[in-house]
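Colleague: quick check, what structure comes out for this input:
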Amino acid sequence: MRNLYDYPIGENSPDEFNVIIEVPHGSNNKYEYNSEYDIFQLDRVLFSSVHYPGCYGFIPQTLGGDGDPLDVIVLAGEPFSTGTVLKARPVGYLKMTDDKGQDEKILAVPVDDPRFNERHSLKDIRKHVLLEIEHFFQIYKDLENKFVDIDKWYDLDETKKLIVESNNNYKK
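Modeller: Numbering: from 1, shown residues only. Now for the predicted structure:
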């Protein structure tokens, strides 16, 4: 059975790619895509009084260091609903480690939102926004007693390499 993990990554990857949104910006509900039943289901309500600092989802046709599709945080003027497919452009990524191992979070902006036309790299994103995202991932599992270690932000070139590598891992 085909599922959303098999949805096309996009013709212009890694410069632009499709993202499937699981969690809208501002939510503290963690939804995950269930490929066996082709549905989105509630994984958990975050244990902390925090919310997602952007729309959270994945890049189809990729496999990251944790064995799952690459995670993406999409900055947006308005939240995109769970299940939305949109075209995004990467600006960088945050490398971290959690209880399951290496975990990368791609930071992207929506291609079809003119408010983000001038956002092409981490230098174009306000420092405080990057700090908020980093802080969210540092603490969002604290009350679950789960381990998270933040490495650092990586630039656009490294991000594109990661996307290509993850797409190649999917194809194997």
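Colleague: what bridges to the residue nearest to the spatial centre of the chain?
Modeller: Geometric centre of the chain, nearest residue: V72, 1.2 Å, by C-alpha atoms, centre = their mean. Bridge pairing for V72 (DSSP bridges) gives the partners G57, I106.
Colleague: that one against A108, yeah?
Modeller: Yes - contact criterion C-beta atoms under 8 Å: V72 and A108 qualify, at 5.4 Å. All C-beta atoms are positioned from the backbone trio N, CA, C, and that covers glycine.
Colleague: pull up the overlap in contacts between these two.
Modeller: Common neighbours of V72 and A108, using C-beta atoms under 8 Å, 6 or more residues apart in numbering, are 19, 88.
Colleague: what about the longest strand in this structure?
Modeller: Determined from DSSP state E, the single longest strand within the chain is strand 85-98.
Colleague: what ranges does the protein have for its strands?
Modeller: According to DSSP E, the strands that the chain contains are 17-23, 29-34, 39-45, 55-58, 71-74, 85-98, 101-110, 148-154.
Colleague: can you add distance to E132 and mean pLDDT and give these back as JSON lines?
Modeller: Output for the strands of the chain, formatted as JSON lines (distance: least, C-beta to C-beta, whole Å; pLDDT from 0 to 100):
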{"stretch": "strand 17-23", "distance to E132": "16", "mean pLDDT": "99"}
{"stretch": "strand 29-34", "distance to E132": "18", "mean pLDDT": "98"}
{"stretch": "strand 39-45", "distance to E132": "20", "mean pLDDT": "97"}
{"stretch": "strand 55-58", "distance to E132": "14", "mean pLDDT": "99"}
{"stretch": "strand 71-74", "distance to E132": "10", "mean pLDDT": "99"}
{"stretch": "strand 85-98", "distance to E132": "12", "mean pLDDT": "98"}
{"stretch": "strand 101-110", "distance to E132": "11", "mean pLDDT": "96"}
{"stretch": "strand 148-154", "distance to E132": "13", "mean pLDDT": "97"}
